[in-house]
Structure formats: structure tokens, C-alpha cells
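Participant: Starting from these lines, generate the structure:
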Amino acid sequence: MSEVLVATDADWILDEVRAALADGESTIRWVRNGKDVVPALREREADIVVLDLQIGNMGGMATCMEIRLEAGADRLCDPGVLMLLDRAADVFLAQRCDADGWLIKPLDAFRLRRAADAIIRGETYREGVPAESEVASPEVVEEIAPAEADAEVG
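Facilitator: Take a look at the predicted model:
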């Protein structure tokens, strides 16, 4: 049984999360403002918090940071955090606030379920980040750099 807290002011996002995660064993709670997340977690712990990046006057990034600060000071449970991003460029924000995972909209039930299950198991789920094999290794960068320098001096 999972305890899920959703923070969004968009009804369609809540509908998507419910469609993906409501399985008869999970409890899904909802708040419309980022500032209501920490009080809701103090009232009842959650296994995962699903944060919309754009919510009210305290967005997903600030909310995630507040969760991490309060949990780090032992004033709050430390739930997994899944951020719902608007675009691939927002991945940087999710990384900076130490989210456990993120999805880039548009959403679908299969990806939401897969991401939530991974985070509840203590794993991460990250979209929009190149696989390690796609990133140039330091050796390749070092080999390229001297050749470019020689060409410029040439």
C-alpha cells in the first residue's frame, strides 16, 4: 500500500495521476499549493510526493527544496519526490532541487506508474538526461582538445 501526495493546481494532472496510481491499495491525497505540502506531510507521511513544476505561488522546485531541508533537519519524513516538468530544459531545475525523479509532460499512465514504482522502491527515474554511453568520456575530450588547439595555432 502506497501513500501518495499530489501537489498541483491543474485538475487534469490530478486526473492523470489518479488514473495511473489508483489501484485500490494506494491512498492519493491532493493539495493545490506548494506551501501546503509540508503541512500535509506533517499531518500524514507519504511514500511519494508528485510535484507539478508550476503550482500556485510556491512552485515545485521550491517545494522540493523545502521537503529536503525539513527532512534533512529531521523535522519531516523523507518521501520520494517525482517532479512533473513542462519541458526538457527544466531537467536542470529538478536536478538542482534533488528530486528523485521526473517526467516531462505530456504525461501518460504507463510512464507515471513506472516512475512512481521506481521511486517508491528507492530508485530514481529520470527523463531527458542522456545515457552515460551517449556522453563523451574525459579521454575523448582530451584527445579532441589538443587537435583543435593545434589547428587554431597552425
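
Participant: In contact with Gly24, which residues?
Facilitator: Contact partners of Gly24, counting by C-beta atoms under 8 Å, 6 or more residues apart in numbering, are absent. The way it works is simple: take the backbone N, C-alpha and C, and place the C-beta from them, glycine included.

Participant: can you rerun that using 10 Å?
Facilitator: Applying C-beta atoms under 10 Å, 6 or more residues apart in numbering to Gly24 gives the contacts Met1.

Participant: Which residue ranges of the chain form helices?
Facilitator: Using DSSP state H, the helices of the chain run over residues 11-21, 37-43, 60-72, 91-96, 109-120, 138-153.

Participant: mind giving me TSV with those helices and columns for distance to Gly80, mean pLDDT and mean neighbour count?
Facilitator: Converted to TSV, these look like this (distance: least, C-beta to C-beta, whole Å; pLDDT from 0 to 100; neighbours: other C-beta atoms under 10 Å):
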stretch	distance to Gly80	mean pLDDT	mean neighbour count
helix 11-21	13	95	17
helix 37-43	12	97	17
helix 60-72	10	96	19
helix 91-96	13	93	17
helix 109-120	4	96	18
helix 138-153	32	46	9
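
Participant: Surely Ala20 is in contact with Leu84?
Facilitator: No. Counting by C-beta atoms under 10 Å, Ala20 sits too far from Leu84 to count as a contact (11.5 Å).

Participant: joint contacts of those two?
Facilitator: Val50, Leu107, Leu112, Ala115.

Participant: wait, what's in contact with Asp15?
Facilitator: By C-beta under 10 Å, 6+ apart, the contact set of Asp15 is Leu107.

Participant: buried stuff in stretch 96-103?
Facilitator: Cys97, Ala99, Asp100, Gly101, Trp102, Leu103 (16 or more other C-beta atoms under 10 Å).

Participant: Return the member of these nearest to Glu45.
Facilitator: The closest of the buried residues of stretch 96-103 to Glu45 turns out to be Asp100 (C-beta to C-beta; 15.6 Å).

Participant: Quick check, pLDDT for the closest one.
Facilitator: Note for Asp100: predicted pLDDT of 97.

Participant: Please tell me how far Leu84 sits from Met61.
Facilitator: Leu84 sits 12 Å away from Met61, taking C-beta to C-beta, to the nearest Å as the criterion.

Participant: Understood, closing this out.
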